[in-house]
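S.K.: With the sequence up front, the predicted model follows.
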Amino acid sequence: HVVATDVNPQATANTALNAARHGVADRVRSVTGDLFSGLGRDEVFDLVFWHSNFVLAPEDVGGLNMHDLAYVDPGYHAHRGYLRQVTRRLSPGGVALLGFSSRGDLARLRSIAAEAGSTVEPVAHREVAEHDSVVDYQLLRVRAEAGR
């Protein structure tokens, strides 16, 4: 089964509609919540993937709407929450992945991961030409540090 979560209720409603449209609604649960907040306390998964809002915004930036928050993370608060919680949401042998990009601050992400007792390691990447620049989209694996 698949559980899809999003902080934006329109995104979760869209996910439910797409699951029904493609005949998989019996295996897909769509939940509105901030990261893991919409899930049961003891729910664990074989695979957790988050396509993060990788652009770092100033902590005190104001006036952001749901659409903005899909792209920017003020003070990397969402990233801190994900890295602090994700390894506890894994079943034995489970894998945690994070979608990131060169538009994010990888050094800051690694620092936040270390504070959370984990590491982030590259799994794959793809460079994509966008307008007059190239963006490197990255798939990172999150692992708990030994002994945690």
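M.R.: In hand now; what should we look at?
S.K.: What pLDDT does the model give residue 76?
M.R.: Looking at residue 76, its pLDDT stands at 97.
S.K.: no no, residue 66
M.R.: According to the model, residue 66 scores 88 on pLDDT.
S.K.: mind checking the backbone torsions on it?
M.R.: phi -60, psi -40 (degrees, to the nearest 10).
S.K.: Any idea which helix or strand in the chain has the lowest mean pLDDT?
M.R.: helix 66-69 (a mean of 90; mean pLDDT, DSSP states H and E).
S.K.: and that one, how far from the chain's centre?
M.R.: The chain centroid and the centroid of helix 66-69 are separated by 14 Å, computed with CA atoms, centre = their mean, to the nearest Å.
S.K.: what does stretch 66-79 give?
M.R.: For stretch 66-79, the distance to the chain centre is 11 Å (CA atoms, centre = their mean).
S.K.: quick one: contacts of that stretch?
M.R.: With CB atoms under 8 Å, 6 or more residues apart in numbering as the test, stretch 66-79 has contacts from 7-8, 10, 34-35, 52-61, 64, 105, 108-109, 112. Every C-beta, even on glycine, is put in place using the N, C-alpha and C of the backbone.
S.K.: Understood, closing this out.
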